[in-house]
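Undergrad: below is the structure, and that's it, no one-letter string:
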């Protein structure tokens, strides 16, 4: 049982497709995050939302578009991706931004053909 | 630069033995949080242990303990009485200024 749920767990898409990753947290947290995990590399922070406002955008290409409609949900919209975007995308939440531990979902494994 | 370095990409240990995973970090901040996360093959990252930099006492959680050397910017994880379920990727992380920074991970295999 996880407090952070991600769907889908696996996604295969072509470079011209448009898809979305969804994250939901049931912990009452105020901050949510998207991380990209590639093999043998540190996790890369992509986006941070605190109280539904975006507070970080670490030079992520515009083909990745986040959306946070409320404090419990976070989306990552994908369009015209490249094969190098294939990775595990992890969603996380924390009670407040910059304080304390992150709670992670199980991730969405994305493959771009 | 706020970076985390894990110099051991892979390690193995016999069941019931003790293993230490290394981690160093770089920051000019004086107050920060440090963490070790575990990612089993099922992929969900879970917190193993945390340490506040202002605390001199090393954190301990059952079989897991840390050796925090602030001056050396070192934060190693010791796993005692290793169990097969400890097989996983282990990530060292810290929060120097709001954002959590991660190392590249150490893949630990516990052998029966």
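TA: Arrived safely. Here the structure is a predicted model, which is why all the values come from computation and not from measurement. Numbering: from 1, shown residues only, chains lettered A, B, ... in the order given.

Undergrad: contact partners of stretch A:62-76?
TA: A:20-26, A:29-30, A:32, A:34, A:46-47, A:49, A:51-52, A:54, A:77-82, A:85, A:89, A:91 (C-beta atoms under 8 Å, 6 or more residues apart in numbering or on different chains). Using the backbone N, CA and C atoms, a C-beta is placed for each residue, glycine as well.

Undergrad: any of those buried? List them.
TA: Buried by 16 or more other C-beta atoms under 10 Å in any protein chain shown: A:21-25, A:29-30, A:32, A:34, A:46-47, A:49, A:78, A:81, A:85, A:89, A:91, out of those.

Undergrad: tell me what residue A:22 is bridged to.
TA: Using DSSP bridges, the bridge partners assigned to residue A:22 are residue A:7, residue A:75.

Undergrad: pretty sure residue B:108 belongs to a helix, no?
TA: No. Using DSSP: H, G, I helix; E, B strand; the rest coil, the assignment for residue B:108 is strand, not a helix.

Undergrad: which helix or which strand is home to the residue nearest the centre of chain B?
TA: Residue closest to the average C-alpha location in chain B (C-alpha atoms, centre = their mean): residue B:36, at 3.6 Å. According to DSSP states H and E, residue B:36 maps onto strand B:33-39.

Undergrad: give me the next element, helix or strand, following that strand.
TA: strand B:46-52.

Undergrad: sheet partners, orientation included, of that following strand?
TA: Short version: by DSSP bridges, strand B:46-52 pairs with strand B:33-39 (antiparallel).

Undergrad: quick check: mean pLDDT of the strand it pairs with?
TA: Taken as a whole, strand B:33-39 has a mean pLDDT of 96.

Undergrad: so for that strand, what gets flagged as buried?
TA: For strand B:33-39, burial by neighbour count (16+ other C-beta under 10 Å) applies to B:33, B:34, B:35, B:36, B:37, B:38, B:39.

Undergrad: how about stretch B:75-90?
TA: By neighbour count with 16+ other C-beta under 10 Å, stretch B:75-90 contains the buried residues B:75, B:76, B:77, B:78, B:79, B:82, B:86, B:87, B:88, B:89, B:90.

Undergrad: again, but for stretch B:58-77
TA: By 16+ other C-beta under 10 Å, the buried positions in stretch B:58-77 come out as B:59, B:64, B:65, B:66, B:68, B:73, B:75, B:76, B:77.

Undergrad: what's the neighbour count on the nearest residue to the first one once chain neighbours are set aside?
TA: Sequence neighbours aside, residue B:51 is the residue nearest to residue B:59 in space, at 4.6 Å (criterion: C-beta to C-beta, 6 or more residues apart in numbering or on different chains). Other residues within reach of residue B:51, judged by other C-beta atoms under 10 Å in any protein chain shown, total 20.

Undergrad: residue B:51 and residue B:81, how far apart?
TA: 21 Å (C-beta to C-beta, to the nearest Å).

Undergrad: and if you look at residue A:80?
TA: Counting by C-beta to C-beta, the gap from residue A:80 to residue B:81 is 51 Å.

Undergrad: repeat that for residue A:109.
TA: From residue A:109 across to residue B:81, the span is 33 Å (C-beta to C-beta).
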